[in-house]
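Undergrad: Got a sequence here, can you model it:
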Amino acid sequence: HARGLLAEYGVVLPKGPWRFRQQAPAAVAEADLSELARELFTELIDQLTDVEARLAKLDAKLVSICREHAACRRLAALPGVGPVIATALVAAVDDGRHFRSGRELAAWIGLVPRQYTTGGKPKLGGIGRRANHYLRRQLIHGARAVISRLAAKDDQRSVWLKGIVARAGFNKALVALANKTARIAWVLLARKEEYLPA
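TA: As a prediction, this is how the structure comes out:
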């Protein structure tokens with residue numbers, strides 16, 4: 001937003017948040033602006049710096065909570081799961097024992113297609129709207145990070161993922177990997193096992 005406002009005053013900065021953080025203070029100081037505009041832009045940059053400092057503090061707090069909690073440490077060993085997802089899963093489902101299986105947890109998160117059965121023939125629908133949207137979004141972002149680094153790997157999980165991407169497409173592979181991650185997470189939480197990559 002601040003970058004767009006600066007462009008209206010003739011101060012054009014390159015795209016990207018890190019470039020803005022680096023170049024904006026000097027650009028505002030050197031630009032031909034009125035005192036009021038310079039003061040307002042300086043305040044906006046100070047607010048941005050303050051918000052980033054608070055976010056860094058919260059990130060550090062999440063990492064320390066993840067390191068202290070045994071279940072979070074087990075979950076963080078999963079590919080695509082970091083401190084944010086691990087702490088969110090533990091906060092939402094605790095030890096996972098109120099779910100009978102990993103499929104139930106994945107369905108609760110919203111990673112399993114709806115089933116319609118008529119005449120003994122099951123039909124799979126789309127992903128439903130009833131879900132834990134925050135966990136689903138985070139697991140899909142984690143899956144996106146794993147799939148984006150897939151080209152150089154040739155282990156069993158990577159071969160499985162490459163096959164899904166080739167057969168069904170990138171987005172369906174994201175949901176499939178997020179579903180698998182949720183099911184493995186249930187095992188790690190409910191049975192207190194350590195993650196062993198295949």
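Undergrad: From here on, just use CA atoms for contacts and neighbour counts.
TA: Noted.
Undergrad: In contact with the nearest residue to Gly142 once chain neighbours are set aside, which residues?
TA: Among residues not flanking Gly142 along the chain, Gly80 sits closest, at 4.1 Å (Cα to Cα, 6 or more residues apart in numbering). Residues in contact with Gly80 (Cα atoms under 8 Å, 6 or more residues apart in numbering) are 139, 141-146.
Undergrad: How much space separates Gly102 from Arg183?
TA: For Gly102, the distance to Arg183 equals 4 Å [Cα to Cα, to the nearest Å].
Undergrad: Please identify which of those two sits among more neighbours.
TA: Using other Cα atoms under 10 Å as the criterion, Gly102 and Arg183 rank with Gly102 on top: 21 against 18.
Undergrad: unless I'm mixing things up, that one is touching Ala178, no?
TA: No. The criterion here is Cα atoms under 8 Å, and Gly102 misses it with Ala178 at 11.9 Å.
Undergrad: same for the longest helix along the chain, what does it pack against?
TA: If each helix of the chain is counted by residues according to DSSP state H, the longest one is helix 35-68. When contacts are defined as 3 or more Cα pairs under 8 Å, 6 or more residues apart in numbering; DSSP states H and E, helix 35-68 packs onto helix 17-30, helix 70-76, helix 83-93.
Undergrad: For the first one, which helices and strands make contact with it?
TA: Packed against helix 17-30 by the contact rule (3+ Cα pairs under 8 Å, 6+ apart) you find helix 35-68.
Undergrad: Buried members of the contacts of Gly80 into ChimeraX, please.
TA: For the buried members of the contacts of Gly80, the matching ChimeraX selection, counting by 16 or more other Cα atoms under 10 Å, is:
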select :139,141,142,143,144,146
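Undergrad: a strand runs through Ile147, doesn't it?
TA: No. Per DSSP: H, G, I helix; E, B strand; the rest coil, Ile147 lies outside any strand segment and is helix.
Undergrad: for it, what are its contacts?
TA: By Cα under 8 Å, 6+ apart, the neighbours of Ile147 are 161, 174.
Undergrad: try 10 Å
TA: Applying Cα atoms under 10 Å, 6 or more residues apart in numbering to Ile147 gives the contacts 80, 141, 158, 161-162, 165, 170, 173-174, 177.
Undergrad: Out of the residues you listed, which is nearest to Ala24?
TA: His141 (29.6 Å; Cα to Cα).
Undergrad: The closest one touches Asn171, doesn't it?
TA: No. Taking contacts as Cα atoms under 10 Å, His141 lies outside contact range of Asn171: 11.1 Å.
Undergrad: measure the residue lying closest to Leu62 once chain neighbours are set aside to Asp59 for me?
TA: Excluding the flanking residues, the one nearest Leu62 by Cα to Cα, 6+ apart is Pro83, at 6.2 Å. Going from Pro83 to Asp59 by Cα to Cα gives 9 Å.
Undergrad: quick one, which of those two is more surrounded?
TA: Per other Cα under 10 Å, whichever of Pro83 and Asp59 has more neighbours is Pro83, with 22 against 14.
Undergrad: All set now, cheers.
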